[in-house]
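Chemist: structure of the sequence below:
(one chain, ligands or ions: 1)
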Amino acid sequence: MVLNPVISKLVGKLVVLASASPRRQEILRNAGLRFEVVPSWFKETLSKELFKAPYEYAVETARQKALEVARRMPFKHLKTPDMVIGADTIVTVDGMILEKPVDKHDAYRMLSSLSGKEHSVFTGVAIVLCHEKENEEVDYQLIDFYEETKVKFADLSEDMLWEYINSGEPMDKAGGYGIQALGGMLVEYVHGDFLNVVGFPLNHFCKKLDVIYNHRFLFSDKTSESVRLIHNCVPSAPELTQKPPNAREDKSNPSSPSASPAHKLKRKNGNSKASERSWTLVNSLSKGTDGETKLHDSENKSTSIISRDEGIKLNVTAEEDSEPKKEDLQRIYELLDGFKASKALFTASKLGVFDLLHSKPGLDAEQVAQEVKASVKGAECLLEACVSLGLLRTKERTCPKPAYENTDLATGFLRSDAGFSLHGYIQHCNDTLWPLFSHLESAVKEGTSQREKVKKSKDDNSQEVKLRFMNAMHSSAKVAAKAIATAFDLSSYKTACDLGGCTGAMAYEFIKVHSELSVTVFDLPAVVELSEYFHPQHTDNRVSFKAGDFFKDELPKADLFILVRILHDLTDEKLHVLLSKIAAASTPGCGLLLGEIFLEEDRSGPSCGLLQALSMSEGKQRSAAEYSRLLKRHGFITAHVKHTNSLLGAMLCVKAGTTTASPAHS
Ligand SMILES: O=c1[nH]cc([C@@H]2O[C@H](COP(=O)(O)OP(=O)(O)OP(=O)(O)O)[C@@H](O)[C@H]2O)c(=O)[nH]1
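Modeler: The predicted structure follows:
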């Protein structure tokens with residue numbers, strides 16, 4: 001086996017790592033593999049006593065992790081990966097399976113059981129190969145394996161143990177240690193693959209790839225014994241989480257895997273950290289009616305009920321006066337204080353603090369106060385708050401008064417003349433969104449936007465107000481423009497029309513990255529008139545502006561229509577009016593490129609989209625699949641969806657019909 005050719009077989013394929021483990025990502029990245037990370041939502045709830053050997057448990061967990069992602073992606077991400085890789089690492093000692101400790105005491109229990117002894121580390125790996133069939137169904141083929149490494153720990157004194165535990169390192173690691181870091185100091189010897197202990201057996205994986213690709217038994221030969229069509233062979237996770245009717249708990253034997261209730265339980269169940277914790281101290285387990293399993297946690301005095309198909313349904317806590325957890329309190333206070341942080345940012349931006357400290361870094365509070373015409377006390381508080389928010393930092397100097405300067409964040413985004421300045425958008429947040437949100441309670445009760453309640457000043461229609469709004473749109477468009485413009489290969493398109501393109505921020509970025517493209521910005525006459533304030537110094541005649549109303553007027557001819565942050569503002573009704581006009585102006589093969597915040601399919605996030613919806617006057621936030629369905633009704637078939645580095649996702653759709661242009665995925 002030669003490594004590089006093996007990895008290079010995967011070039012151009014959509015390889016997905018179904019793991020949140022940073023170590024797995026690093027191991028594979030260092031090996032030169034290009035992949036996307038989609039952490040698995042599989043809840044590690046398999047009953048350990050169902051498996052004859054510990055490695056079977058690790059392999060089955062790895063399979064379920066990978067399959068969950070392989071099954072989810074065509075629906076959630078609207079793309080089918082070529083390969084999904086899942087892994088699960090466990091440690092076994094004295095017949096017990098150790099996973100990641102749930103708290104310091106659990107870590108102590110694990111590490112003291114490893115002290116002075118040899119133990120085994122197993123990593124189960126599952127490779128799921130996805131084959132899309134013509135009818136859009138997907139066939140899955142599964143290859144799995146495991147690797148064992150023996151590790152011997154030195155005798156660990158109590159002091160050593162606690163010092164290590166207090167370093168925090170054990171908490172997200174199988175067996176409670178990280179061999180690659182401080183944990184390496186506890187180890188006397190390693191027999192076998194070191195990377196297997198860290199979380200991924202790279203060598204064995206490459207050998208498997210070699211077999212898959214170089215021996216050509218997989219993609220071409222579906223009858224191979226090594227390949228399994230998963231619906232024939234893999235029990236679903238709920239089946240595996242049930243105890244067999246005759247399974248007995250051997251509580252008398254401490255080495256029996258079933259003796260420790262923690263082994264039967266998963267730490268990852270439930271959505272919240274609170275429910276994760278309540279799993280960990282469970283110390284009795286009883287079978288209820290209707291296939292429910294009840295878990296009694298005597299220490300936390302709580303009962304959790306697991307149903308056959310749903311995982312945890314309920315978590316009833318009997319006593320509520322226990323110490324609140326620090327992270328929970330922190331999270332709540334972060335939310336409570338969110339508005340204060342926003343307002344501190346708005347104020348510092350409005351007073352010009354970031355511009356001032358860019359031109360004169362190292363001023364103290366008194367000097368800043370003088371320059372921005374504020375009180376010394378007020379400036380001092382504001383500057384300190386900005387330091388705590390990571391927007392400013394204090395410069396080291398001998399003088400007793402702290403001297404302030406911008407952090408990279410402020411330099412990059414908060415200066416009014418920064419390339420990606422959000423100054424205009426911050427002003428919009430302060431002047432328009434902030435007052436709207438102060439009426440949120442009525443907005444929610446009445447189900448209407450509160451725009452008319454926000455006091456209108458008589459010059460609301462003034463040029464200055466319009467320019468301020470355009471500036472806000474301009475700054476947020478500039479930040480997202482590159483990600484949208486480069487999301488797909490658009491080389492087959494020569495003319496584009498950016499509908500509602502405002503100042504042309506998007507259009508100028510598009511022509512920068514697509515040398516053959518010309519873009520017409522189509523917007524309302526008042527917008528087009530003011531857009532010249534925003535044109536770059538050296539305008540390019542590949543960008544032109546056309547005034548019109550896209551609901552009423554004829555649209556310019558183009559072979560690519562661009563709609564960035566337009567559709568979420570429209571009701572379904574208006575959206576159909578606009579889409580039918582675009583469809584009428586498009587010929588088969590024409591593209592429609594959407595830039596929007598795409599909600600999760602279950603509408604559980606992202607919060608930036610859901611929070612924005614709270615102040616929207618009409619329209620609604622939608623998921624990529626929803627947009628895709630709406631566009632399909634107008635003959636646009638979704639070609640690709642891309643989750644970009646910016647807040648916006650990108651979706652490229654193509655007008656159906658006989659076509660000459662066929663855009664490729666970049
Ligand atoms: O010496 C080390 N041993 C183990 C680890 C890390 O431990 C975890 C094992 O946990 P698991 O297999 O359940 O994987 P997760 O981290 O939960 O990620 P998934 O999303 O894949 O479930 C793993 O991260 C190892 O890397 C270590 O770092 N050093």
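
Chemist: what strand or helix carries T92?
Modeler: strand 83-93 (DSSP states H and E).

Chemist: for that strand, packing partners?
Modeler: strand 15-17, helix 54-76, strand 96-98, helix 104-114, strand 118-132 (3 or more CB pairs under 8 Å, 6 or more residues apart in numbering; DSSP states H and E). C-beta here means a position set from N, CA and C on the backbone, and glycine is covered the same way.

Chemist: quick one: distance of it to the chain centre.
Modeler: Chain-centre distance of strand 83-93: 22 Å, with CA atoms, centre = their mean, to the nearest Å.

Chemist: what does stretch 17-34 give?
Modeler: With CA atoms, centre = their mean, you get 16 Å for stretch 17-34.

Chemist: export it as CSV, just CAs?
Modeler: Only the C-alpha atoms of stretch 17-34 are listed here, as CSV (Å, rounded to 0.1, in the frame of the first residue of the first chain):
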residue,chain,number,x,y,z
LEU,A,17,-16.3,12.8,8.9
ALA,A,18,-19.2,12.1,11.2
SER,A,19,-17.3,13.1,14.3
ALA,A,20,-16.9,16.2,16.5
SER,A,21,-13.6,14.9,17.8
PRO,A,22,-10.9,17.5,17.0
ARG,A,23,-8.3,14.8,17.3
ARG,A,24,-9.9,12.7,14.5
GLN,A,25,-10.2,15.7,12.3
GLU,A,26,-6.5,16.6,12.9
ILE,A,27,-5.3,13.0,12.2
LEU,A,28,-7.2,12.8,8.9
ARG,A,29,-6.3,16.4,7.9
ASN,A,30,-2.7,15.8,8.5
ALA,A,31,-2.9,12.7,6.3
GLY,A,32,-4.0,15.0,3.4
LEU,A,33,-7.6,14.0,3.3
ARG,A,34,-10.1,16.7,2.3
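
Chemist: quick one: is it near the ligand?
Modeler: Yes: under the criterion of CB under 6 Å from any ligand atom, the ligand is reached by stretch 17-34 at S19, A20, S21, R23, R24.

Chemist: quick one: mean pLDDT for that stretch?
Modeler: In this model, stretch 17-34 has a mean pLDDT of 94.

Chemist: give me the contacts around that stretch.
Modeler: 3-4, 7-8, 10-11, 15, 35-40, 65-66, 68-70, 84-87, 180, 195, 198-200, 202, 206 (CB atoms under 8 Å, 6 or more residues apart in numbering).

Chemist: give the buried subset of these as a PyMOL selection command.
Modeler: In PyMOL, this line selects whichever of the contacts of stretch 17-34 come out buried by 16 or more other CB atoms under 10 Å:
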select buried, resi 7+10+15+35+36+37+38+40+65+66+68+69+70+84+85+86+87+180+195+198+199+200+202+206
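
Chemist: of the contacts of stretch 17-34, list those near the ligand.
Modeler: Counting by CB under 6 Å from any ligand atom, the members of these near the ligand are P39, S40, K65, A87, Q180, V198, G199.

Chemist: around the ligand, which positions in this structure sit nearby?
Modeler: So the chain meets the ligand at 19-21, 23-24, 39-40, 65, 87-89, 100, 172-174, 177-180, 183, 197-199 (CB under 6 Å from any ligand atom).

Chemist: swap in 8 Å and give it another go.
Modeler: Residues of the chain lying near the ligand by CB under 8 Å from any ligand atom: 18-24, 39-40, 42, 44, 58, 61, 65, 86-91, 99-100, 121, 123, 172-175, 177-181, 183, 197-200, 268.

Chemist: from the stretch 101-250 of the chain, which residue is nearest to the ligand?
Modeler: G199 (2.7 Å; CB to the nearest ligand atom).

Chemist: which residues does that residue contact?
Modeler: S21, R23, R24, I27, A87, T89, T123, A174.

Chemist: do L570 as well
Modeler: By CB under 8 Å, 6+ apart, L570 lies in contact with L578, E618, G619.

Chemist: from those, which land in helices?
Modeler: L578 (DSSP state H).

Chemist: just the contacts of L570: which has the poorest pLDDT?
Modeler: Where pLDDT dips furthest among the contacts of L570: E618, at 88.

Chemist: find the residue closest to V151 in space, skipping its chain neighbours.
Modeler: V190 (5.4 Å; CB to CB, 6 or more residues apart in numbering).

Chemist: wasn't that neighbour part of a helix?
Modeler: No: remark: V190 does not belong to a helix; assigned using DSSP: H, G, I helix; E, B strand; the rest coil, it is strand.

Chemist: ok so, going back, ok, the residues of stretch 17-34 next to the ligand vs I332, which is closest?
Modeler: The shortest approach to I332 among the residues of stretch 17-34 next to the ligand belongs to A20, at 24.1 Å (CB to CB).
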